[in-house]
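Visitor: using only what follows, build the 3D model:
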Amino acid sequence: MPGTKKVFVKTFGCQMNVYDSERMAESLIPYGFSETDRPEEAEVIILNTCHIREKAVEKVYSDLGRLRQIKEERRKLGKGTIVTVAGCVAQAEGAEILARAPVVDLVVGPQSYHRLPDLVFRAQSESRRLVDTNFPEQDKFTRLPDRTAISPPAAGVARAASAFLTVQEGCDKFCTFCVVPYTRGVEFSRPVDSVLEEARALIRRGVREITLLGQNVNAYHGVGPDGRDWSLARLIRAMSELEELQRLRYTTSHPKDMSDDLIDAHRDVARLMPYLHLPFQAGSDRILAAMNRKHTVSDYRRLVDKVRAARPDIALSTDVIVGFPGETEGEFLQTLRLVEDIGFAQAFSFKYSPRPGTPAAKLEEQLPEEVKSERLQRLQHLLASQTSRFNEGCVGLTIPVLFERLGRHAGQIVGRSPYLQPVHATGARDLLGRIIPVEISGAGPNSLLGVIRAA
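Guide: Modelled structure (predicted):
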């Protein structure tokens, strides 16, 4: 019976994990499952995990401790529960998870989740614990349910106005601090027709903004209908012609693959939002070389100049790591100088975290935690001031906002500006899913307040 069984999914980490979580839940729908936000009522519980930092990994094990009690309470009621660890922790640690957390029944890597229904059935019927972290030869996206077959929201339930769409996975860059090549594999780009078909299915479900995802998304080179490899820029131009799709974004990019045709797309394609997430990671050429980033500080500066020349109003976001092994105070000051010179609307900053199996974890001169923490605090203070300055610069402007959800307060709705800022305004529920002009009346550290001027 449709919807008679429940699946609970908790997502850790990046936007690609959000996308993967949606697809895992959807893969179980043809087998009678529907999603729930209550793990205590779920026959299948999935933790979709992130392995980028140690803290994220430990949080997963902490959650597993709480799930043990839920599983035991359900067992007393005669109800079975399949606890699943998916994602990058699953790929990296495999059978070790089963040894460390007896509550886990199933471990499935990010390249194997298209087999989730079969694995769940086997775990139930064979009453044994399973691990599947293989890198299959077939394209997993072709083995997932057609998104056109997934039912739209029930009457009275707001449709999602925005969605993620994975177009590229894996990475061939092998930055020395990063586990992605080991957990997601080598670079793979989906065929253009497959991407466009999924985009059309999302649009039919009410989506008006699509963010194209990839670990190294601007290295996209999917086979087009003409039999040739298409660049991300060519894919964006094709997607911009889809009726009723009003906004496009993409993330995450590598400076090495920021091509001229992609920069031109920011100039030419009106539906491509004026926002670019372009990590630089460190402001020292020596540290960048130790990270194997394959670009220099000067390369990054020139690239930013080209992007801003093509789209002067673009908002830049970035990733920064402090405390990489051997980083000196002078080299950290170079990072601060680069941040001051470029100016970012948003940024994500982290202390270096040694990940098992990566080259950087084996380097000498690992810095003390107190040094990394102090540097991170100084960097975040600078970045926060830049975000506040950017947000305050929007006050008095009237900007188009795509409203996506209800706010915490009665009568309030929340959307996103072209620059990805959350915007809060007073408005009716029937404005969700629409792009409305909003006059920005106030700015906070991370969001804007506005007044709807037309509907």
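Visitor: contacts, neighbours, all on C-alpha from now
Guide: Will do.
Visitor: so who does the nearest residue to residue 407 once chain neighbours are set aside touch?
Guide: Computed as Cα to Cα, 6 or more residues apart in numbering, the closest residue to residue 407 that is not its neighbour in sequence is residue 413, at 4.7 Å. By Cα atoms under 8 Å, 6 or more residues apart in numbering, the residues touching residue 413 are 403, 404, 405, 406, 407, 424, 425, 426, 427, 428, 429, 432.
Visitor: hey, what's residue 413 bridged with?
Guide: residue 406, residue 425 (DSSP bridges).
Visitor: returning to that earlier point: residue 293: which of the contacts of residue 413 is nearest?
Guide: Nearest to residue 293, judged by Cα to Cα, of the contacts of residue 413 is residue 404 at 36.1 Å.
Visitor: give me the number of residues near the closest one?
Guide: Residue 404 has 24 neighbours, counted by other Cα atoms under 10 Å.
Visitor: touching, it and residue 415? I think so.
Guide: Yes. Using Cα atoms under 8 Å, residue 404 is in contact with residue 415, at 5.0 Å.
Visitor: what's the burial count for residue 376?
Guide: 21.
Visitor: give the buried residues for the host helix or strand of it.
Guide: Element membership of residue 376 [criterion: DSSP states H and E] is helix 369-392. Under the neighbour-count criterion of 16 or more other Cα atoms under 10 Å, helix 369-392 has 372-373, 375-376, 379-380, 382-384, 386-392 buried.
Visitor: my guess is residue 284 contacts residue 336, does it?
Guide: No. Counting by Cα under 8 Å, residue 336 is not a contact partner of residue 284; they are 10.1 Å apart.
Visitor: got a list of what residue 426 touches?
Guide: Counted by Cα under 8 Å, 6+ apart, residue 426 has contacts 411, 412, 413, 451, 452.
Visitor: what is the nearest of the residues you listed to residue 269?
Guide: So of these, ranked by how close each gets to residue 269 (Cα to Cα), first place is residue 452, at 26.0 Å.
Visitor: check what pLDDT the closest residue to residue 52 other than its chain neighbours gets.
Guide: Leaving aside its sequence neighbours, residue 52 sits nearest to residue 179 (Cα to Cα, 6+ apart; 6.6 Å). With respect to pLDDT, residue 179 has a value of 90.
Visitor: wait, residue 179 touches residue 359, no?
Guide: No. Contact criterion Cα under 8 Å: residue 179 and residue 359 do not qualify, at 9.8 Å.
Visitor: ok, those two, which is more surrounded?
Guide: For residue 179 versus residue 359, the count of surrounding residues by other Cα under 10 Å is larger for residue 179: 23 against 17.
Visitor: so where's the stretch 51-200 of the chain shaky on pLDDT?
Guide: For the stretch 51-200 of the chain, applying pLDDT under 70 flags the ranges 136-138, 147-159.
Visitor: can you give me the strands in it?
Guide: Per DSSP state E, counting those that start in this stretch, the stretch 51-200 of the chain carries strands over the ranges 82-87, 106-108, 130-132, 162-166, 168-169, 188-189.
Visitor: what lines up beside the fifth one in the sheet?
Guide: Taking DSSP bridges as the criterion, strand 168-169 forms sheet pairs with strand 188-189 (antiparallel).
Visitor: any idea how far residue 9 is from residue 239?
Guide: For residue 9, the distance to residue 239 (Cα to Cα, to the nearest Å) stands at 30 Å.
Visitor: again, but for residue 443
Guide: To residue 239, residue 443 is 33 Å away according to Cα to Cα.
Visitor: those two - which one has more neighbours?
Guide: Higher neighbour count among residue 443 and residue 239: residue 239, with 22 against 19, using other Cα under 10 Å.
Visitor: what is the neighbour count of residue 368?
Guide: Residue 368 has 10 neighbours, counted by other Cα under 10 Å.
Visitor: quick one, phi/psi of it?
Guide: When read as degrees, to the nearest 10, the backbone of residue 368 gives phi -60, psi 150.
Visitor: and if you look at residue 285?
Guide: Taking degrees, to the nearest 10, you get phi -60, psi -40 for the backbone angles of residue 285.
Visitor: quick one: contacts for residue 160?
Guide: Residue 160 makes contacts with 205, 206, 207, 404, 433, as judged by Cα under 8 Å, 6+ apart.
Visitor: and residue 262, what does it touch?
Guide: Residue 262 makes contact with 232, 233 under the criterion Cα under 8 Å, 6+ apart.
Visitor: quick check, pLDDT for it.
Guide: So residue 262 comes in at 98 (pLDDT).
Visitor: any idea which element it lies in?
Guide: Taking DSSP H and E as the criterion, residue 262 maps to helix 260-268.
Visitor: what's the first helix or strand after that helix?
Guide: Sequence-wise, the next helix or strand downstream of helix 260-268 (DSSP H and E) is strand 275-277.
Visitor: before we move on, the earlier item: do you know how far the residue nearest to residue 52 is from residue 353?
Guide: 11 Å.
Visitor: for residue 135, same thing?
Guide: 26 Å.
Visitor: more neighbours: which of the two?
Guide: residue 353 (22 against 15).
Visitor: mind listing what the more buried one touches?
Guide: By Cα under 8 Å, 6+ apart, the residues touching residue 353 are 53, 54, 177.
Visitor: hang on, residue 250 packs against residue 217?
Guide: Yes. Counting by Cα under 8 Å, residue 250 does reach residue 217; the two are 7.2 Å apart.
Visitor: these two: who's more crowded?
Guide: Using other Cα under 10 Å as the criterion, residue 250 and residue 217 rank with residue 217 on top: 26 against 23.
Visitor: what's the spacing between stretch 240-257 and its chain's center?
Guide: From the chain centre to the centre of stretch 240-257 is a distance of 14 Å (Cα atoms, centre = their mean, to the nearest Å).
Visitor: give me the distance between the two termini of it.
Guide: 21 Å.
Visitor: outside of it, which residues touch it?
Guide: Contact partners of stretch 240-257, identified using Cα under 8 Å, 6+ apart, comprise 200, 203, 207-219, 236, 269, 271-273, 275-280, 294-295, 300, 303.
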